[in-house]
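J.: got a predicted model here, sequence first, then my questions.
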Amino acid sequence: MQAYTLSIFKQKLQEAEITLLDTRVAEIFTNGFVPGSIFIGFEGRFAEWAVSLLPFEKPLVLITDIGKEEEVNQKLKNIGFENIAGYLDGGFDTWKAAGEKVDMIINVDADEVAMDLPFDTKLQVVDVRREAEFLEGHIKGAINMPLSDMTDLALLASFEEDQNLYLQCGGGYRSVIAASLMKKQGIHNLRNITGGWDAVKEQKKIPIKKDVSALN
């Protein structure tokens, strides 16, 4: 696996087949990342989501925490990814220090969601948990779009341009992955609900719906 200088890294990004994978911590990733990156944080269920969401046949270029490059590389190889082209030397700091364009994901907490829900008619909560999790309890009016289905580009294309999308999962990890996939497809009018369902269900002002009968 090669360590790329910034100039070579930028050349690689012009190649159509490249998948850019950022494995940093979710809270750090949302504050700034290379546009077009797919986020799968190494601190979470990394192997499971890498296998589910990343194409095995396309070359991977990595952005990792500094010092984690080889560990991430080895983990990817262990789960079947052989085509790992290289990584940006110095990580995201190299990109940012050069003044390159940076994308970010806006985080909102459950309190903000509670305030926005009654007044924003364009607000749409997108719950990316598994269907069983969703049926056990979710924000009233939310749609369920499991993260595992989000490689379907036609599904992502179903959103309206004027919708204000609020992404939510169980604890805040999967929703950041989902946000990165959506941004890669040009969907930028979105927010990430920090703390996910764990935070939402503690917020008494958010209306909750359960579909327990559907689980039987």
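T.: Arrived safely. Residues are numbered from 1 along each chain as shown.

J.: need the helix or strand of this structure with the lowest average pLDDT.
T.: Every helix and strand of the chain was ranked by mean pLDDT, DSSP states H and E. The lowest is helix 153-156, at a mean of 91.

J.: after that one comes which helix or strand?
T.: Sequence order places strand 164-168 as the next helix or strand after helix 153-156, per DSSP states H and E.

J.: what's the spacing between the most centrally placed residue in the chain and C169?
T.: The centroid of the chain falls nearest to I177 when counting by CA atoms, centre = their mean (1.7 Å). Here the criterion is CB to CB, to the nearest Å. By it, I177 lies 8 Å from C169. Just so you know, the C-beta spots here come from the backbone N, C-alpha and C atoms, and that holds for glycine as well.

J.: ditto for G36
T.: From G36 across to C169, the span is 22 Å (CB to CB).

J.: the two: which is more packed in?
T.: Of the pair G36 and C169, C169 is the one with more neighbours under other CB atoms under 10 Å, namely 25 against 15.

J.: shouldn't that one be in contact with S175?
T.: Yes. Using CB atoms under 8 Å, C169 is in contact with S175, at 4.2 Å.

J.: now the common contact residues for the two.
T.: Shared contacts of C169 and S175 (CB atoms under 8 Å, 6 or more residues apart in numbering): 128, 196.

J.: now do the phi/psi pair for A85.
T.: Main-chain dihedrals, A85, degrees, to the nearest 10: phi -70, psi -50.

J.: that'll do, ta.
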